[in-house]
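In: model the structure of this input:
(2 chains)
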Amino acid sequence: DGGITQSPKYLFRKEGQNVTLSCEQNLNHDAMYWYRQDPGQGLRLIYYSQIVNDFQKGDIAEGYSVSREKKESFPLTVTSAQKNPTAFYLCASKRDYSANEQFFGPGTRLTVL
Amino acid sequence: GQQLNQSPQSMFIQEGEDVSMNCTSSSIFNTWLWYKQDPGEGPVLLIALYKAGELTSNGRLTAQFGITRKDSFLNISASIPSDVGIYFCAGRVSGGSYIPTFGRGTSLIVHP
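Out: Now for the predicted structure:
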């Protein structure tokens, strides 16, 4: 089955620790995205990558970092510099940057204790 | 930046009732998208609209691209319990990064 996988589903970390969220897609999509979702909020863009080996900051990139070394993978690192990291994180991909439909992964709920 | 206002924020309805929600924007969009997010999952695209005035259906769902290109509407007829979730609108302009702007979502609860 083609799709986007995010792991783990639930993640707990102590304050001050960096943590990396995984996002893998086997849809052969060029573009990938990371969003953060908080209760009552829309989806806020953290980082995006239109093609392998390239990525751009979104609206709320501070305290986060990404890499795009492989087409199918777009991991997100939540660093200790992120002041309020507890949230639901969604990864998405598109066939290419101009395509209309984004396909979303199932999300990772990160709780920082 | 672009602002998207989605309303209502939440709805509590009885099974069988019809539902209406809408999004309005401060700027013109070329594409309107409606997504549904089941609890604890990622959003799934329901309907995409590409032209002002366009009316598109997907089963019991009907969405419209407003004539002014600054708004869009989603209607759900004869709601059922599995309609529960958060519905997001998203608007997009052509060009640039092609990244959609999302509304804050409408949370729908359907009582059997």
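
In: ranges for the strands of the chain?
Out: I went with chain A, as the question did not name one. Remark: strands assigned in chain A by DSSP state E are A:4-7, A:10-13, A:19-25, A:31-37, A:43-51, A:54-57, A:64-66, A:76-78, A:87-94, A:103-104, A:108-112.

In: you answered for a different chain; I wanted chain B.
Out: Using DSSP E, strands in chain B cover B:4-7, B:10-14, B:19-25, B:31-37, B:44-49, B:55-58, B:61-65, B:71-76, B:85-92, B:101-102, B:106-111.

In: so which of those strands comes closest to chain A?
Out: When these are compared by Cβ to the nearest Cβ, strand B:101-102 sits nearest chain A, at 4.1 Å. Bear in mind the C-beta positions are built from the backbone N, C-alpha and C, glycine included.

In: and B:I67, how close does it get to B:A52?
Out: Plainly put, B:I67 is 6 Å away from B:A52 if you go by Cβ to Cβ, to the nearest Å.

In: do A:G105 as well
Out: Going from A:G105 to B:A52 by Cβ to Cβ gives 32 Å.

In: of those two, which one has the most company?
Out: More crowded of A:G105 and B:A52, by other Cβ atoms under 10 Å in any protein chain shown: A:G105, with 24 against 16.

In: excluding chain neighbours, what is closest to whichever residue of chain B sits closest to chain A?
Out: Nearest residue of chain B to chain A: B:G42, at 3.2 Å (Cβ to the nearest Cβ). The spatial neighbour of B:G42 that comes closest, neighbours along the chain excluded (Cβ to Cβ, 6 or more residues apart in numbering or on different chains), is A:F104 at 3.2 Å.

In: so what's the one you found bridging to?
Out: Note on A:F104: beta-bridge partners by DSSP bridges are A:A92.

In: state the pLDDT value of the residue nearest the centre of chain A.
Out: Geometric centre of chain A, nearest residue: A:W34, 3.0 Å, by Cα atoms, centre = their mean. On pLDDT, A:W34 comes in at 98.

In: so for stretch B:7-21, mean pLDDT?
Out: Averaging pLDDT along stretch B:7-21 yields 96.

In: likewise stretch B:81-94?
Out: Mean per-residue pLDDT for stretch B:81-94: 93.

In: which single residue in chain A comes nearest to chain B?
Out: For chain A, Cβ to the nearest Cβ, closest residue to chain B: A:F104, 3.2 Å.

In: run a quick neighbour tally on that residue.
Out: By other Cβ under 10 Å, 22 other residues sit near A:F104.

In: then A:L90?
Out: A:L90 has 26 neighbours, counted by other Cβ under 10 Å.

In: kindly report the same for A:S49.
Out: 21.

In: for it, give me the pLDDT.
Out: pLDDT recorded at A:S49 is 97.

In: now do the contacts for it.
Out: Taking Cβ atoms under 8 Å, 6 or more residues apart in numbering or on different chains as the criterion, A:S49 is in contact with A:31-33, A:55-56, A:66, A:68, A:74.

In: could I get the strands of chain B as CSV with distance to chain A?
Out: Formatted as CSV, the strands of chain B follow (distance: least, Cβ to the nearest Cβ, whole Å):
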stretch, distance to chain A
strand B:4-7, 7
strand B:10-14, 9
strand B:19-25, 10
strand B:31-37, 6
strand B:44-49, 5
strand B:55-58, 13
strand B:61-65, 13
strand B:71-76, 14
strand B:85-92, 7
strand B:101-102, 4
strand B:106-111, 8
